[in-house]
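Student: Sequence plus predicted model, see below.
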Amino acid sequence: MTGWVRAEDPSAVGAVRRKAVELAEAAGFDQVLIGQTAVAVSEAVSNLVKHATEGTVMVRPHPEAPATVELITVDRGPGMADVARALRDGYSTSGTLGIGLGAISRIASGYDVHSLPGKGTVLAMHFTAGRTPAPALRASGLTRPIGEETVCGDGFAIAELGSSTIVLVCDGLGHGHIAAQAAQRAVELFFDVRDQEPVTIVQRLHAGMNHTRGGAVAVARVEPDQVLFAGLGNVSGWVAHAEGRQGMVSVPGIAGHQGGRLRQYTYDLPRYAAVVLHTDGLTDRWDPTLLPGLFSRTPAVIAAGLMREAGSRRDDACVVTVRPGREAEGEGGRSGQGQEGARVGQQQENAKPGEGVRFGSPYGSLRLSPPNGSARLSPPPAPRGLERSAPPQKSPLDESTPRESTPRESTPRKSALHESTPRKSALHEDAPQVSAPRENTPHVSTPHESTPHESTQHQGTPHESTRSRHGDR
């Protein structure tokens, strides 16, 4: 069993349980934890079969820590009006295994759940053995192939370096194995230069994918208060939170074949915001304000929620979400949204600092030094940029249709990581102006030196580049 499984009949319970046990044994779980993992997975999938509409489930090694087993379930209804009640011991609506969601949450090393009546429920939980360091819960990614294909032509990679998280999303041209080969090559190249600036990484991908079919690529370096972004092709990038979103700019082209001058932009990252990258297998019409509470959850739940709401079955799909490292602080509570009152549980007893945590993709993993400490996400207050002392001014992020910034080029040719002059975000200005991200312009030569026209972003829709007619789907 690989990828997503439809939870439409009881046979799905056994298939997912067997895969979870196989992964647990490979990760070195003892027999007690293997048994607990099997029970929790069986109960979660049974709930989908009995109560959900269009339920799907995935069990896999965790993208941030392959020695951890992760289970993600997604459905389209009916949802739970009171998640806090469902987490209480003894609560049940029909004859399941009888242990309930509350007991599942205690068996798991960590869990998160988001549910909206009429939309459905997303549940993510993971199991970590003994002294194995737990995942940092700073980033996650999901892929889903077109139709009934078993191989997805989209791919992603995640690297955690200190307080920064670097992510790659690649949309290989076409579908199936040939597109997957292009995405796999992008992931391999990314691992080699993951500590470079995003624009340098994209340059390396562009040069190294010339013997593949090619694809659209985007790289984001997420820091505690800003995100550096570079893209070639139509991979969408967003800074999103409960009040709206802001698009990030890619240049037109196809990595490995054609493209003009590569560019890098720097965007302010408001507190409690998340960075989202996705391929065109997800429509860009999703609206954070229509998904209350989702963007206060862990990256795995955010990614699964967006895949459900915006994903298309007519194309390969990939979505990656990142929360800044500063969010893994403090003790948890319950969300301010009445529909989803579940806390994020993270047990990390006896976890040792230093090396050992891996980050991964569908194509491999690599050991890196992780942050340590338990993580529980607290309910987010309104972003500070939206707090106004004077009522007459209205921030652009308060509009029903969020606007994107128009990037402008900066004169200095140095990275924003080394700039000494602080900038003031438009979120903190009194006048209703949209922030203009500064471009870090280390000039990067590419096989085609002509400069393509960059599109101006309008009303929350990131620029989707036009591929060659041989690359169109």
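Tutor: Structure's in. What do you need?
Student: Residue 305: what's it in contact with?
Tutor: Applying CB atoms under 8 Å, 6 or more residues apart in numbering to residue 305 gives the contacts 74, 114, 122, 291, 294, 297. C-beta: built from backbone N, CA, C; applies to glycine.
Student: Name the nearest residue to residue 315, ignoring sequence neighbours.
Tutor: Spatially, and ignoring its direct neighbours in sequence, residue 315 is nearest to residue 281 (4.2 Å; CB to CB, 6 or more residues apart in numbering).
Student: What about that neighbour, how many residues nearby?
Tutor: 25 (other CB atoms under 10 Å).
Student: ok, it - contacts?
Tutor: 144, 146, 154, 171, 311-312, 315-318.
Student: what do you get if the cut-off is 6 Å, keeping everything else the same?
Tutor: Residues near residue 281 by CB atoms under 6 Å, 6 or more residues apart in numbering: 312, 315-317.
Student: Quick check: strands, which of the residues you listed are part of them?
Tutor: Taking DSSP state E as the definition of strands, the contacts of residue 281 contribute residue 317.
Student: Pipe the contacts of residue 281 into a markdown table and attach pLDDT and neighbour count per row.
Tutor: Formatted as a markdown table, those follow (pLDDT from 0 to 100; neighbours: other CB atoms under 10 Å):
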| residue | pLDDT | neighbour count |
| --- | --- | --- |
| 312 | 90 | 13 |
| 315 | 93 | 20 |
| 316 | 95 | 28 |
| 317 | 96 | 26 |
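Student: Closest to residue 68 out of the contacts of residue 281?
Tutor: Among the contacts of residue 281, residue 317 lies closest to residue 68 (CB to CB), at 23.8 Å.
Student: Could you report the distance from that closest one to residue 38?
Tutor: Separation of residue 317 from residue 38 (CB to CB, to the nearest Å) stands at 29 Å.
Student: about what we covered before: any chance of the contacts of residue 305 in JSON lines, plus pLDDT, neighbour count and secondary structure?
Tutor: Shown next, in JSON lines, are the contacts of residue 305 (pLDDT from 0 to 100; neighbours: other CB atoms under 10 Å; DSSP: H, G, I helix; E, B strand; the rest coil):
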{"residue": "74", "pLDDT": "94", "neighbour count": "25", "secondary structure": "strand"}
{"residue": "114", "pLDDT": "93", "neighbour count": "30", "secondary structure": "strand"}
{"residue": "122", "pLDDT": "94", "neighbour count": "26", "secondary structure": "strand"}
{"residue": "291", "pLDDT": "93", "neighbour count": "20", "secondary structure": "coil"}
{"residue": "294", "pLDDT": "95", "neighbour count": "25", "secondary structure": "helix"}
{"residue": "297", "pLDDT": "94", "neighbour count": "26", "secondary structure": "coil"}
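Student: Is residue 171 bridged to anything, and to what?
Tutor: As for beta bridges, residue 171 partners with residue 154, residue 216 under DSSP bridges.
Student: That one and residue 309, how far apart?
Tutor: The gap separating residue 171 from residue 309 is 19 Å, by CB to CB.
Student: who's more crowded, these two?
Tutor: When residue 171 and residue 309 are compared for neighbours, residue 171 comes out ahead with 33 against 18, by other CB under 10 Å.
Student: Identify the residues contacting that one.
Tutor: Listed by CB under 6 Å, 6+ apart, the contact set of residue 171 reads 154, 215-216, 235, 279.
Student: Return the closest of the contacts of residue 281 with respect to residue 109.
Tutor: Lowest distance from residue 109 to the contacts of residue 281 (CB to CB) belongs to residue 317, with 27.9 Å.
Student: who does that closest one bridge with?
Tutor: Legend: beta-bridge partners of residue 317 under DSSP bridges are residue 144.
Student: again, but for the one 5 residues further on
Tutor: Under the criterion DSSP bridges, residue 322 forms beta bridges with residue 139, residue 275.
Student: Double-check it against residue 165; I have them as touching.
Tutor: Yes. Assessed by CB atoms under 6 Å, residue 322 is found in contact with residue 165 at 5.1 Å.
Student: between these two, what contacts are shared?
Tutor: Listed as contacting both residue 322 and residue 165 by CB under 6 Å, 6+ apart are 139, 222.
Student: how close does the spatially closest residue to residue 285 that is not a sequence neighbour get to residue 287?
Tutor: Residue nearest to residue 285 in three dimensions, not counting chain neighbours: residue 310, with 7.0 Å by CB to CB, 6+ apart. According to CB to CB, residue 310 and residue 287 sit 10 Å apart.
Student: Kindly report the same for residue 313.
Tutor: Going from residue 313 to residue 287 by CB to CB gives 21 Å.
Student: Out of those two, name the residue with the larger neighbour count.
Tutor: Applying other CB under 10 Å to residue 313 and residue 287 shows that residue 287 carries more neighbours, namely 15 against 11.
Student: Check the gap between that one and residue 238 for me.
Tutor: Computed as CB to CB, the residue 287 to residue 238 distance reads 11 Å.
Student: what do you get for residue 15?
Tutor: Counting by CB to CB, the gap from residue 15 to residue 238 is 35 Å.
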